[in-house]
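>>> build me a model from this:
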Amino acid sequence: MKRSRRVTAALLALLAATALVGAACTSGPPGTTITLYNGQHEQTTDALVTAFEEASGIHVAVRSDDEDVLANQIISEGSASPADVIYTENSPALETLQAKRLLAPLPAATLAAVPSRYNSPAGDWVGVTARVSVLIYNTRLLSSDQLPHSVMDLADPRWKGKLALAQGETDFQPVVASIARTYGATAASRWLDAVKANAEDNVYPDNETITAQVNAGRAAIGIINSYYWYRERAEVGASNMHSAIASFAPGDAGTVLDVSGAGVLASSTHKAAAERFVAFLVGRQGQEIIAHSDSFEYPIGSGVQTARDLVPFTSLRPAPLTIAELGTGATAIALLQKAGLA
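Next up is the predicted model:
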């Protein structure tokens, strides 16, 4: 679970406008409450929930935690889960729930708001946002021409003591899955052993810490999702940034397009209201809130484009990896466990 700590003035203005519209057209069963298991940025989710409640008259009770914790909780709760909707940072958690038949099919109109390649192959969840994995490096310690062109190059001993690693991050699992898909499980296992050795003491709990530590020069380089760097810059100011981000070569296994998504629980007793909330997330209002938010992710629904100063979405050249190929993350987890990193 990642925390975006500020709401911009533009987002507040957008919320105010949304609230005015909602006040004029509030509808929905009085007193209806749905429960959202939220593994996404709390601040942005709060903004989305506030706007939805104003527009619909439906109350949303939010329970936030890391997406893997929430997915495992739903599996444990089974048909008795109080959750109506789950909203995650990455697709594997949703694919895991789908494989266990714990998600309900979504209406075709909701799925149609987002390009099909970003949705559940089975139609049980819909993509809401996207972001891409990148290199972060300290500009005082490294120049751009010293950067590796492939994620596989990070296994080179020249990065020993310089590489920052957050192997427990669910954002790291898709990178491992991409390497295994591209080069095979044996090569991915060797790569993990090598980057573990190269990280030495630069092992951190999350990507926020990697970003801060590389920016401070305590590590020279690391892999993060791009939005962490943009959030750091927004929080500390451009003059205090001593780091930059860069892409691997186009199509490299280390450049993974991660999709955040949402689904309705098969056990939900408020399916109509839950479906309405998920439709709101990918509708124009919800996507515009995301576009102006401090999560610095890419909106992918209803034709909305980010209002933030990000690398244009259309210029990204990620690894040719589908949602189905990323799967449940089981392969990545097994490889991480074998390497002693999980």
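
>>> how about residue 181, nearest residue that isn't a chain neighbour?
Closest residue in space to residue 181, ignoring its immediate chain neighbours: residue 325 at 5.6 Å, by Cβ to Cβ, 6 or more residues apart in numbering. C-beta coordinates here come from the backbone N, C-alpha and C atoms, glycine included.

>>> nearest residue to residue 92 in space, please, no chain neighbours.
Residue 92 sits nearest to residue 329 (Cβ to Cβ, 6+ apart), 3.3 Å away.

>>> mind listing what that neighbour touches?
Residues near residue 329 by Cβ atoms under 8 Å, 6 or more residues apart in numbering: 90, 92-93, 95-96, 170, 173-174, 177.

>>> could I get those residues as CSV with secondary structure, distance to residue 339 and pLDDT?
Shown next, in CSV, are those (DSSP: H, G, I helix; E, B strand; the rest coil; distance: Cβ to Cβ, whole Å; pLDDT from 0 to 100):
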residue, secondary structure, distance to residue 339, pLDDT
90, coil, 20, 93
92, helix, 18, 94
93, helix, 21, 95
95, helix, 23, 96
96, helix, 21, 96
170, coil, 16, 88
173, helix, 13, 93
174, helix, 16, 94
177, helix, 14, 95
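
>>> which one of the residues you listed is nearest residue 187?
residue 177 (13.0 Å; Cβ to Cβ).

>>> the residue nearest to residue 92 and residue 278, how far apart?
Look at residue 329 and residue 278: by Cβ to Cβ, to the nearest Å, they are 22 Å apart.

>>> wait, residue 67 touches residue 90, no?
Yes - the pair formed by residue 67 and residue 90 meets the contact definition of Cβ atoms under 8 Å, at 6.5 Å.

>>> now do the shared contacts for the two.
By Cβ under 8 Å, 6+ apart, the residues touching both residue 67 and residue 90 are residue 170.

>>> what about the closest residue to residue 316 other than its chain neighbours, which SS state?
Nearest residue to residue 316 in three dimensions, chain neighbours excluded: residue 132, at 5.4 Å (Cβ to Cβ, 6+ apart). With DSSP: H, G, I helix; E, B strand; the rest coil as the basis, residue 132 sits in strand.

>>> residue 132 and residue 319 touch, don't they?
No - using Cβ under 8 Å, residue 132 is not in contact with residue 319; the gap is 9.9 Å.

>>> got any residues that touch both of those two?
255-257.

>>> can you redo the residues you listed as CSV with secondary structure?
Below are the shared contacts of residue 132 and residue 319 laid out as CSV (three-state DSSP):
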residue, secondary structure
255, coil
256, coil
257, strand
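
>>> show me how far stretch 125-142 is from its chain's centre.
From the chain centre to the centre of stretch 125-142 is a distance of 10 Å (Cα atoms, centre = their mean, to the nearest Å).

>>> ugh, typo on my part, it should be stretch 33-47
Worked out by Cα atoms, centre = their mean, stretch 33-47 lies 13 Å from the chain centre.

>>> ok, now stretch 120-140?
5 Å.

>>> buried stuff in that stretch?
Judged by neighbour count using 16 or more other Cβ atoms under 10 Å, the buried positions of stretch 120-140 are 120, 123-138.
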